[in-house]
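Chemist: Here is the input, now give the coordinates:
(one chain, ligands or ions: 1)
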Amino acid sequence: MKRIFSFIWILLVFATLTQAKEIRLSYELSLSHPENHIFGVNVMIRNNSQKFLELTMPAWTPGTYELQDHARNMFQFTALNEKGDTLSTSRMDFDTWKITASGSKNITITYKVLGLYPDAAACYLGADRAYVNGAAVFMYVEGRKNLPATLKVVHLPDDWQIATGLTSLPEPNQFAAKNYDELIDSPLLMGKLKWFSFKVAGIPHYLAIWNLADSNMPVKRVLHNFQNFVRQVYQMFGELDYTKYVFLIQLYDNFDGLEHRNSCTLSYYPDKFNDPASYDDFTWVGFHEYFHNFNVKRIRPNILGPFNYKRPAYTKRLWICEGLTDYFPDILFQRDGFWTKKRLYRQLSEELTLFQTLPARKWMSLESSSIQFWHLSDNKLNLEISYYNKGELVGWMLDLELLHRTNGEHNLADVMRYLYRKYYKHGIGFSEKLGIQRDVEAVAGSSFQSFFDNYVRGTTDIPYSKFLGFAGLKLVAREDTMPYTGIQTFKSKSISRVYDTKRELKNSQDSIKNVIMGSPAWQAGVSKGDVILAVDNQTVTDGNWVAIIRKKSIGSTAAFLLRRGTRVLTKKVPLIKSPFKKYGVLEDPTATPAQIRLRNLWLNGKKVHLK
Ligand SMILES: [Zn+2]
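Modeler: Presented below is the predicted three-dimensional model:
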């Protein structure tokens, strides 16, 4: 007993001594130049014993899966020792600077960052507010990402507040992070904010909203809906593994969101909340980002954390991280009454209809699509599928297959709980190499080899009717009666959501965003980017080319007058019967009691023990 005690004591002393020698890191963020949109950053390194130090700016923001090369917006990198002497520095590559420490124990690195865009993955400083995604602002010390760090915000205007998931220190505007990953996974929204909160499982959830006064956001309703979906996820996993959660909401002319470990950022148009479809969009994205708190921030492939911020983290598993994070909010919205069953069926059938129009579904698998996302092609709709879109569909079919095989004993939520316990609770991610097939099989007690071979690794057509039949659901296909050209100008919201064309939605409805490969317009030589001026000598405005075509008959030809750059040209497009169908999901009136039982289990889920 004594010996054990002494041994522990020696260990403790040793740990304290090593800690004393360890580098201490603190960051200071200055908002002194809002008019120029320039952040000042100091990184203070204490107790340095290294001859050289390397500092790197991340090349990407976790959650975005695309290279942003944040170093492009930083400038005036310098390093000073404790006496104020400038140390020698050199840029090693695009993201990394090297400092010759020359025996200096205490070093202060300073640099500036231009912050022009309050997008979720970027940073912005203006007279109205500041938004910081840490990946775009804070450099890390190579080899020291695991060290704790503090952050102090200076020159914060008196009437501004700071919203962040970081732990507050007793001193004003100061925060602590366990390590670099946590520091940059905790964005900051600063400005005149309106605060609201609710509790689920006794844990506070805050909404910090910028620009509420200029919006028509119905705050009470938003709070009610957000609380409901947090409660749904709590009931699904049985616990909430954080001490606070913050929704950082900016109301301005943008629509995006990004997940973080105990917070998320949401942006939405301030004046659109009265429109039911827009309210739906906002709430849905809020739920999607919140669900990520479990799926991707906690349940994740092992390649997604700890991160390599210099290189793309290629993974075949984004269909799990994103596709299933699209699927569960749909199901849970229905479960808590925010959506009717009919609305859920419509959502899922719209995803299905969209997927069936994509030429690339014949050659690009879900796994391949996950890898592709880092370097998107110049025409996503013709050359790619989306792991959001097919991932949601495969999640849906997997859920039904699991219920069917286990006679209602297990579903996809059981798989999520299994992954949560098996991996997250042991501090690891699931295998990038193996994915989750073995885990699905462990839950189901049978092989899913052919399911994954066909629909995850392969491009076999999904036999939707077979899976839907398990739950007494029917897939109905309606012929599209509108003459088909293959021209797409994007009015559809679901295309916008899945294929990230939201910015293009704001553009003219007359400029062609895609011509479906192999379609009549494709064969006639109509191009993406052409602007439709007239159809059959009728002037086109605000997307009314669709109405003109709708009045024409199948078998006829339409003359499209197009502007391509400075040229004007005419293309004659034969109008044919659409090769695509519009799908709907209905409850089969002839369903057996066993099928109806599975349907109810699918819709209602099952009760989980709550902590
Ligand atoms: Zn997402």
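
Chemist: can you list the weak-confidence ranges in this structure?
Modeler: 1-21, 490-509, 608, 611 (pLDDT under 70).

Chemist: at 50 what do you get?
Modeler: Where the chain drops to pLDDT under 50, the residues are 1-20, 492-507.

Chemist: Show me it divided up by domain.
Modeler: Using automatic domain parsing, the domain parsing of the chain gives 21-191, 487-574.

Chemist: And the ones you listed: which comes nearest I436?
Modeler: Closest to I436 of the domains of the chain is domain 21-191 (C-beta to C-beta; 18.5 Å). Placement of C-beta: from N, CA and C, glycine included.

Chemist: Strands along the stretch 151-300 of the chain, start to end?
Modeler: 161-164, 167-168, 174-177, 188-191, 193-200, 203-210, 245-251, 256-259, 263-268 (DSSP state E, counting those that start in this stretch).

Chemist: Report the angle between the last one and strand 245-251.
Modeler: Going by axes from the mean of the first three to the mean of the last three C-alpha atoms, to 10 degrees, strand 263-268 is angled at 20 degrees with respect to strand 245-251.

Chemist: Other residues contacting strand 263-268?
Modeler: With contacts defined as C-beta atoms under 8 Å, 6 or more residues apart in numbering, strand 263-268 is touched by 118-120, 131, 133, 164-165, 186-187, 189, 217, 245-252, 254-258, 278, 281-282, 285-286, 289-290, 292-293.

Chemist: Extract the C-alpha set from the helix or strand hosting D453 and format it as PDB.
Modeler: Using DSSP states H and E, D453 falls within helix 449-455. The C-alpha trace of helix 449-455 is given here as PDB (Å, rounded to 0.1, in the frame of the first residue of the first chain):
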ATOM      1  CA  GLN A 449     -21.700  -7.700 -47.200                       C
ATOM      2  CA  SER A 450     -24.000  -7.500 -50.300                       C
ATOM      3  CA  PHE A 451     -25.800  -4.400 -49.000                       C
ATOM      4  CA  PHE A 452     -22.500  -2.500 -48.600                       C
ATOM      5  CA  ASP A 453     -21.000  -4.000 -51.800                       C
ATOM      6  CA  ASN A 454     -24.000  -2.900 -53.800                       C
ATOM      7  CA  TYR A 455     -25.100   0.500 -52.400                       C
END
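
Chemist: which helices and strands does that helix pack with?
Modeler: Judged by 3 or more C-beta pairs under 8 Å, 6 or more residues apart in numbering; DSSP states H and E, the packing partners of helix 449-455 are helix 387-405.

Chemist: for the next helix or strand after the helix it packs on, which positions count as buried?
Modeler: Reading on from helix 387-405 to the C-terminus, the next helix or strand found by DSSP H and E is helix 412-422. Residues of helix 412-422 classed as buried by neighbour count (16 or more other C-beta atoms under 10 Å): L412, A413, D414, V415, M416, R417, Y418, L419, Y420.

Chemist: One more: stretch 45-54?
Modeler: I45, N48, Q50, L53, E54.

Chemist: how many other residues sit next to the nearest residue to F247 once chain neighbours are set aside?
Modeler: Leaving aside its sequence neighbours, F247 sits nearest to L207 (C-beta to C-beta, 6 or more residues apart in numbering; 4.7 Å). Neighbour count for L207, taken as other C-beta atoms under 10 Å: 24.

Chemist: wait, what's in contact with L207?
Modeler: Neighbours of L207 in contact, by C-beta under 8 Å, 6+ apart: W195, F196, S197, V219, V222, L223, F226, V246, F247, I249.

Chemist: circling back to that earlier point, now the domains of the chain in a markdown table, with distance to W374?
Modeler: Below are those laid out as a markdown table (distance: least, C-beta to C-beta, whole Å):
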| stretch | distance to W374 |
| --- | --- |
| domain 21-191 | 6 |
| domain 487-574 | 14 |
